[in-house]
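Participant: Task: produce atomic coordinates for the following.
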Amino acid sequence: MWGDFMAQKFNTTKRFGLEGVWSFIPGLKYAIDKLTELGADTFVIGMPHRGRMNTLANVVRKPMVQLMAEFQGITPDAALSGGFVGAGDAKYHLGTTFKRRYGPTNTDVTLTLLANPSHLETVAPVVQGRVRAEQHFIGGKDADRKKVCPIQIHGDAAFAG
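Facilitator: Down below sits the predicted model:
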């Protein structure tokens, strides 16, 4: 399990696991697959720290070499050569964009997990702004605004914040 590995490999590094929300990753993957079947092909995700590493690895499919290198504070190239280069941010704030093909519909899907701001209540407008920009730049291809989908994940009262 990802959390167990991280706990052993990086036992002194702060990280946020999925304890208590075990169905989160399969649920998120199912939602993205279903929305893809309904015509969406671009997803912009904003989320808190809890479950972020699992989401990067298992949903967005950020390459593990890159994820582990960033967690160690080095670049993927430096990780392979043994050199050190600073990553520049808290490990659990990092985001990424990944393109993959969804098999059943043979659709190219773009998944973006936005970098996490320190104040979670600001992620909602950031996600909405990014989605609106994506819709703008694809223009007439998405007149109904159904191809770009925002996914906002929050805990506690962050939406009300």
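Participant: Buried residues of the host helix or strand of residue 129, list them for me.
Facilitator: Assigned by DSSP states H and E, residue 129 falls within helix 123-138. Judged by neighbour count (16 or more other CB atoms under 10 Å), helix 123-138 contains these buried residues: 123-124, 126-127, 130-131, 134-135. No exception for glycine: its C-beta is placed from N, CA and C like everyone else's.
Participant: got TSV for these, with distance to residue 94 and pLDDT too?
Facilitator: Below are the buried residues of helix 123-138 laid out as TSV (distance: CB to CB, whole Å; pLDDT from 0 to 100):
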residue	distance to residue 94	pLDDT
123	14	81
124	19	83
126	15	89
127	16	92
130	16	93
131	20	94
134	20	92
135	25	91
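Participant: Let me see the contact set for residue 42.
Facilitator: By CB atoms under 8 Å, 6 or more residues apart in numbering, residue 42 lies in contact with 109-110, 112, 134, 138, 147-149.
Participant: Selection in PyMOL covering whichever of those residues are buried, please.
Facilitator: Buried residues within the contacts of residue 42, by 16+ other CB under 10 Å, are selected in PyMOL with:
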select buried, resi 109+112+134+147+148+149
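Participant: helices and strands of the protein: which one bottoms out on pLDDT?
Facilitator: helix 76-81 (a mean of 54; mean pLDDT, DSSP states H and E).
Participant: right, and the helix or strand after it?
Facilitator: strand 96-102.
Participant: got the contact list for the next helix or strand after that following strand?
Facilitator: Counting by DSSP H and E, the element after strand 96-102 in chain order, helix or strand, is strand 107-113. Contacts with strand 107-113, where a contact means CB under 8 Å, 6+ apart, come from 32, 36, 41-45, 47, 52, 55-56, 59-62, 95-102, 130.
Participant: let's go with 7 Å and repeat that
Facilitator: Residues from elsewhere that reach strand 107-113 (CB atoms under 7 Å, 6 or more residues apart in numbering): 36, 41-45, 55-56, 59-60, 95-102.
Participant: and the gap between the residue lying closest to residue 104 once chain neighbours are set aside and residue 59?
Facilitator: Excluding the flanking residues, the one nearest residue 104 by CB to CB, 6 or more residues apart in numbering is residue 37, at 7.1 Å. Distance, residue 37 to residue 59, using CB to CB, to the nearest Å: 16 Å.
Participant: Mind checking which of those two has more residues around it?
Facilitator: residue 59 (22 against 12; other CB atoms under 10 Å).
Participant: Many thanks, I have nothing further to ask.
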